[in-house]
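Asks: Fold the stuff below for me.
(one chain, ligands or ions: 1)
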Amino acid sequence: MKANCRAMALILALTVLAGCHKRPEGNMVDLALVNGKVWTGDAARPWAEAVAVRGEKIFAAGTTAEVRKLVGEGTKLVDLGGALVLPGFIDSHTHFLAGGFALKSIALREAKSREDFVARIAAKARELGPGRWILNGDWDHQPFDPVELPRRDWIDAVTPDNPVCVNRLDGHMILANSAALKLAGVTRATPVPPGGEIVVDPATGEPTGILKDTAMDLVYAQIPEPAFAEKLEAAEASIRHAAANGVTSVHEMADAASFEVFEELARLGRLTTRVHVYIPITEVDLLVRLKMKSPFGGPYLKLAGLKAFMDGSLGSATACFFEPYTDEPGTSGLLHGQMYPEGIMERRILEADRAGLQLAVHAIGDRANSLLLDMYGKAVAANGPRDRRWRVEHAQHLRPADIARFGKLGLVAAVQPYHAIDDGRWAEGKIGPERLKTTYAFESLRRAGAVLAFGSDWTVAPLEPLMGIYAAVTRRTPDGKNPDGWVAGEKVTVEQAVRAYTVNGAWAEFAESSKGTIGPGKLADLVVLDRDIFSIAPEGIGEAKVRMTVFDGRIVHGTVR
Ligand SMILES: [Zn+2]
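Replies: Numbers count the residues shown, from 1 in each chain. So this is what the prediction gives:
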C-alpha cells in the first residue's frame, strides 16, 4: 500500500508535468493478469508470466513482479494460478452472421417424442412472440413412438399467431402449421408442383402440413427476409458464442448486408468480436468506383476485400479436379458459376488488383487451385510487385507441383483443420490414394512458405479453435480409424497451430501491427485456457476449454478462480 502511495505521488507529479489530468492513477493499469504462462507469439520473447492492460491495449507483458508494480487501486487483478494465456483467437473463415441465425433457431433434432416436439415449438412461440416465423429445426420422426410424420394439428393450438416452417434434418421435407399454409395459400385444391408432394390426410383430404421437395417452395416463398432487429439479435448470439470459444476476431465470408449489421453493433458499442468482412467479387466495380483499398475500416469492423469461388465441394462431387472422381468416374467436378462467362474471373482479379483490393478465393479441387494460381500469377506479372497477401480459401487438394507456388506468390492458405479430420472419414473413396497424399497439406504448404491461417468455416464446422488445433496437431478422424493421424505427414506442431489461429490470422488481414501477439501497444484480446495445450498429450487438446476471454481490454467471457 505504502509503495503504491509513493508510486501514485510520483505518477501524479509526472502526469501534472506531462499536462495530463485525465488518469489520476497515472501509470497504473486497468487489468493485470499475473502468475500465468503467457505465450506471446513474439518470436523474440515468446513466453511471459503476466500481462498488464490499460484501456483497450496491452501495456506490458513480463514477469509477475514487473506487472505487479503496475497494479493500483483501480486495477482488476486476476491471479491466473498458472493458467495458459494466448492472444485472442482469430478465426480466418466463418459465416458469422448466418451462424447466429443457426444458434437462435429451434433445436428439434433432439426431440425424441411427439410431446417433446410440440413442447419445443410451443416454447419457441412464447420466446419469439406473435407474428414471428419459427424456422429450421432439423427434426427427425424416426424416434417417435409410433413412428409417424408430425402434423400441423399437433402444433396449431400452440402456434396460432406464429407461422411455422420446420424442416426434417435431411432438408427434403417440412412441416408447416395452418398459419403458414394460409399465408402460402395451400389448401386441398392446390395443384401439386412437379417433383413435390403435398401430404394429405387420407380421411379428410386436407393437407397435413408436410410438404416434400419442390412443394416446400410454396411455403419457403412466404418467409420474409429477416428484419434488421432479428439480424442484430443473430449477430449478438454469434459474438457471445465467439467469446465463449476465445474467438476475438473473425473473417466473415458474407456480403454487404452482414457488414451493415456488425456496423450497427459497433456503433452501439456492443461489438465484442472484431469482424473482417469479405464481400462477393461481383461487387468489384462498386469498390473500384469508391476507390476503396483493402482493408478499409477500424479496429472493430473492416471491409476486407473480395471473396470469390472457383469450384464447389468435395462431398457433393462439385470440387473441380484434373482427373475424374474415383467413385464417380463420369465427373471430375464443376467450375463455379462465377467462372462464367469464360475469362471473367481473371478480368475481375486483375481489376481488383489494380485497385489495391485483397482477394480471398475458394478453391477445393486440384484443377480449381491450379487455375487460381495461374490467375494470381498473371495478375502479379501484369501489375507488378505489391504486398497483396492474397488468400486461397480451403486450398484442399493440390498437385505436388502447385504447393511450391503458394510460397512463391506469398499466399495465405486459409485452411480449416476440422474439415480435414471430418472429411478424412470418406475423402479417399472420392479421390483415391494418390491424390490423397497432398490433401489438406498444411505442413507442406507451411514449409513451402505459404502463411497458414486457420479457421472453422462455421457453421459448416464448430467455431472452436481448440478443436481446430486438436485436428491440425493429431489429424485423428472422428471415427477413430486414424489414431496416428490421417495423412499424418501433414500434422503441424501445437505452436504452429496456435500461430495459425493468432499471428497468421492477423497477417492475413494486414493487422499484425495491432493484434495476433501479446506485447505493448497491441489490442488487449486474450484467451485463458483451462490447461496447458503446449505440454499435455496432443490427444487431450480437444478437451481443453476456454476459461476466460478478454476483448479490447474487457473480460467478455468467463472468469479465473
Ligand atoms: Zn465457407
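Asks: Spell out, range by range, the strands that occur in the stretch 201-350 of the chain.
Replies: Along the stretch 201-350 of the chain, counting by DSSP state E, counting those that start in this stretch, strands occupy 207-213, 247-253, 274-280, 296-297, 301-309.
Asks: Mind putting these into a markdown table with mean neighbour count and mean pLDDT?
Replies: (Each C-beta comes from the backbone N, C-alpha and C, glycine too.) Formatted as a markdown table, these follow (neighbours: other Cβ atoms under 10 Å; pLDDT from 0 to 100):
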| stretch | mean neighbour count | mean pLDDT |
| --- | --- | --- |
| strand 207-213 | 22 | 93 |
| strand 247-253 | 28 | 98 |
| strand 274-280 | 26 | 97 |
| strand 296-297 | 17 | 93 |
| strand 301-309 | 24 | 96 |
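Asks: could I get those strands as a markdown table with distance to residue 402?
Replies: Rendered in a markdown table, the data for the strands of the stretch 201-350 of the chain read as follows (distance: least, Cβ to Cβ, whole Å):
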| stretch | distance to residue 402 |
| --- | --- |
| strand 207-213 | 40 |
| strand 247-253 | 23 |
| strand 274-280 | 23 |
| strand 296-297 | 31 |
| strand 301-309 | 18 |
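Asks: Out of those strands, which is closest to residue 334?
Replies: Of all those, it is strand 301-309 that lies closest to residue 334, at 10.7 Å by Cβ to Cβ.
Asks: From the contact counts, what lies against the closest one?
Replies: helix 256-267, strand 274-280, helix 284-289, strand 296-297, helix 344-355, strand 358-363 (3 or more Cβ pairs under 8 Å, 6 or more residues apart in numbering; DSSP states H and E).
Asks: Just put these in CSV and tack on distance to residue 131.
Replies: Formatted as CSV, the helices and strands packed on strand 301-309 follow (distance: least, Cβ to Cβ, whole Å):
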stretch, distance to residue 131
helix 256-267, 21
strand 274-280, 29
helix 284-289, 35
strand 296-297, 35
helix 344-355, 42
strand 358-363, 37
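Asks: Of all those, which one comes closest to residue 307?
Replies: Nearest of the helices and strands packed on strand 301-309 (Cβ to Cβ): strand 274-280, 3.9 Å.
Asks: Show me how far the closest one is from its chain's centre.
Replies: 11 Å (Cα atoms, centre = their mean, to the nearest Å).
Asks: helices or strands up against that strand?
Replies: strand 247-253, helix 256-267, strand 301-309.
Asks: Name the strands paired with it and say parallel or antiparallel.
Replies: Using DSSP bridges, strand 274-280 pairs in its sheet with strand 247-253 (parallel), strand 301-309 (parallel).
Asks: So for residue 447, which of those strands sits nearest?
Replies: strand 247-253 (23.9 Å).
Asks: which residues pair with the spatially most central residue of the chain across the strands?
Replies: In the chain, the C-alpha nearest the mean C-alpha coordinate belongs to residue 94, at 2.6 Å (Cα atoms, centre = their mean). For residue 94, the beta-bridge partners are residue 252, residue 458 (DSSP bridges).
Asks: From the opening residue of stretch 196-216 to its closing one, how far?
Replies: 8 Å (Cα to Cα, to the nearest Å).
Asks: Distance to residue 390 for the helices and strands packed on strand 274-280 - can I get that in a markdown table?
Replies: What follows is those, written out as a markdown table (distance: least, Cβ to Cβ, whole Å):
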| stretch | distance to residue 390 |
| --- | --- |
| strand 247-253 | 14 |
| helix 256-267 | 21 |
| strand 301-309 | 9 |
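Asks: among the ones you listed, which is nearest residue 518?
Replies: strand 247-253 (12.0 Å).
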